[in-house]
Each structure stands twice: as C-alpha cells, then as structure tokens.
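> Sequence below, structure please.
(one chain, ligands or ions: 1)
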Amino acid sequence: MLRRKIVAGNWKMNKTLTEARELVKSLQSLIGSDVQERVVLIPPFPFLGVLSSDLSGSSIHLGAQDCSAHAQGAYTGEVSAGALKSVGCSYVLVGHSERRGYHHEQETLLIEKTKQALLSGLTVILCVGESLEERLNGSQEQVVGKQIMSIWNALNDTERAQLIMAYEPVWAIGTGETASPEQAQSMHAFIRALIKDNYGDALADNLTILYGGSCNAQNAKELFACPDIDGGLIGGASLKADDFTKIVYSL
Ligand code: PEP
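This is a model prediction of the structure:
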C-alpha cells in the first residue's frame, strides 16, 4: 500500500442513527468528490450498514472502531472483521488507547485482531501513544517503539504493508491539549525511522502515519504541514460537519 493522505473521524460512542445519517449527508455535500477519497468515517457499529448504503456513490470510506480477535463463533457481543467487511467497511481501528485503557487490551490480543482484520481485507489503523507520565519522564519513544515492534514483529511483510499507524499521545486525546507540531513531527519521524531500520526502506517510505489527539479545525493545517504527518485521526472535532470538513481541507 502506498503512502496516502487520510483524515479519519472516530465518532466513538456518539450519535443516534438519525443524527449519524444527518452528519453523513452534510459531509457528502460539504466535501468535494475530489477529496472524498481521503476521508474515512468511523461510526458506532450499529450504523455501519445504513451509512454504507447512504455513502454509495460517494468515495468516502467507512471504518469500524474495533473488531474481534476471532473469525466467528460463540463470542457474544463481539463483531468479526468479516462481518464488518460484509457491511461495507474497509478500515478498522486496532489498539485505540480507550480500548487499551478501559478494556485492558494488550499486545497478544491486538496481534490477533490485526491478523483477523487483514485476513478479511480490512486496512488496519493501528493506534499507539504514550501516557502523560511517560511523556513527562521522557520515555515516549521507548514506549511507542515497544508498542509498534511487539505487533509488527508478529506479522509478515505482506501484512505490514496493509497497516496504517496512528500516533495518538494519550495525554492529548479528548483533553483539548494537542501535541505541538514539533512534538508530533518528532514522534512521526521516529516511527518512520524505526520501521526503516527494522523492516526496510519500502515499508517505511510507504507507511501512512496519522496524528490524533485534540486535532481540530484551528490546528490541523500546521500539524498536517509536517513532513512525516500524513493526516489525522480525529475524535471530538469529527462530530461536527463544518469542523471536520475544515480539517479535511487542511490536508
Ligand atoms: C481519538 O479518540 O482518536 C481522538 C483523536 O480523539 P480527540 O480528537 O477527541 O482527541
């Protein structure tokens, strides 16, 4: 997969179906067909099928916030990657810090989720990021490096080529505190160099790395101008059509 420009909106556990459809309708009219290809909408599971129909005829992509580590079977409440693909998803988040934190998701599980997603033909947006404590004690590169390597080492090159990385410092998610462009660029450059050193030039040069963490209509342009930032994973600001559209046009 070649390096691309992407703005993905993670709606988390927000909106009713009616509100979700209204947002999609607004985005389809606000975002020109020439840039729709760069957009991924990541709504709650129950809306995926309907929104997929609403989006037919547009180039906006659909993603899911999580998937099961299992292909199918007696796993009540879980949603398989294959089911997501069958309702029109092409992307899935794996390892979002809210899943790692609230649901104690760890590397072994994240590897299985990643493999299941890739087997079903989904593109994985793999999220990594350090806590405030880790940033303050200066261990952010060590922490992020370990999060990445523990999953990348368990995959082969074909699988690695299907990954998109999202750097999301936990201290910046939903807090209104954004990493400065310098902090974000520095970590993105570190991630690309880490991939280059361990897996070679082609995977590093083609890797798409998104920034996430209180990215909004005001700060997106400066962040996206950084050479190793290929777009954003947007939470709160993806819930409002005007703000999200401004972010898409900041890319
Ligand atoms: C996120 O949850 O992925 C995120 C980036 O959230 P926010 O933009 O609200 O910080």
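> Tell me who's in contact with the residue of the stretch 151-251 of the chain found nearest the ligand.
Among the residues of the stretch 151-251 of the chain, Gly235 lies closest to the ligand, at 2.1 Å counting by Cβ to the nearest ligand atom. (Each C-beta comes from the backbone N, C-alpha and C, glycine too.) Counting by Cβ atoms under 8 Å, 6 or more residues apart in numbering, Gly235 touches 10, 12, 173-174, 212, 214.
> so which helix or strand takes in the residue nearest in space to the middle of the chain?
Residue closest to the average C-alpha location in the chain (Cα atoms, centre = their mean): Ile125, at 4.2 Å. Taking DSSP states H and E as the criterion, Ile125 maps to strand 123-128.
> that older thread, what pairs with the residue nearest to the centre of the chain across the strands?
In this structure, Ile125 bridges to Leu93, Ile164 when assessed by DSSP bridges.
> so who does it touch?
Neighbouring residues of Ile125 by Cβ under 8 Å, 6+ apart: 8, 40, 63, 91-94, 164-166, 210, 233.
> Scan these and report the most crowded one.
The most crowded member of the contacts of Ile125, judged by other Cβ atoms under 10 Å, is Val94 (30 neighbours).
> just checking, it touches Ile111?
No. Under the criterion of Cβ atoms under 8 Å, Val94 is not in contact with Ile111, lying 9.2 Å apart.
> quick one, helices of the stretch 51-200 of the chain?
81-86, 97-102, 107-119, 132-136, 140-152, 157-160, 181-199 (DSSP state H, counting those that start in this stretch).
> one step back: which member of the contacts of Ile125 is positioned nearest Gly73?
Proximity of the contacts of Ile125 to Gly73 (Cβ to Cβ) peaks at Val92, which lies at 18.7 Å.
> my guess is the closest one contacts Asp66, does it?
Yes. Under the contact definition of Cβ under 8 Å, Val92 touches Asp66, with a separation of 7.1 Å.
> which residue packs closest to Arg100, ignoring adjacent ones?
Closest residue to Arg100 in three dimensions, ignoring its sequence neighbours and counting by Cβ to Cβ, 6 or more residues apart in numbering: Gln106, at 7.5 Å.
> so Gln140 touches Met187, yeah?
Yes. At 6.8 Å, Gln140 counts as touching Met187 under the criterion of Cβ under 8 Å.
> Now do the shared contacts for these two.
Taking Cβ under 8 Å, 6+ apart as the contact rule, Gln140 and Met187 both touch Pro169.
> any idea how far the residue nearest to Arg100 lies from Gly145?
16 Å (Cβ to Cβ, to the nearest Å).
> So between those two, which is more surrounded?
Neighbour tally, Gln106 and Gly145, criterion other Cβ under 10 Å: the higher count belongs to Gly145, 16 against 11.
> roughly how far apart are the closest residue to Ser97 other than its chain neighbours and His188?
Leaving out its chain neighbours, the residue that sits closest to Ser97 by Cβ to Cβ, 6+ apart is Val170, at 4.8 Å. In this structure, Val170 and His188 are separated by 16 Å, where distance is defined by Cβ to Cβ.
> Then Glu37?
In this structure, Glu37 lies at 22 Å from His188, with Cβ to Cβ as the measure.
> neighbour count winner among the two?
Neighbours per residue (other Cβ under 10 Å) separate Glu37 from His188, with His188 holding more: 23 against 14.
> The more buried one contacts Leu223, correct?
No. Under the criterion of Cβ under 8 Å, His188 lies out of contact with Leu223, with a separation of 9.8 Å.
> Let's see the pLDDT reported for the residue of the chain most remote from its centre.
The outermost residue of the chain, judged by C-alpha distance from the chain's mean C-alpha position using Cα atoms, centre = their mean, is Ala74 at 27.8 Å. In the predicted model, Ala74 carries a pLDDT score of 98.
> Cool, thanks, talk later.
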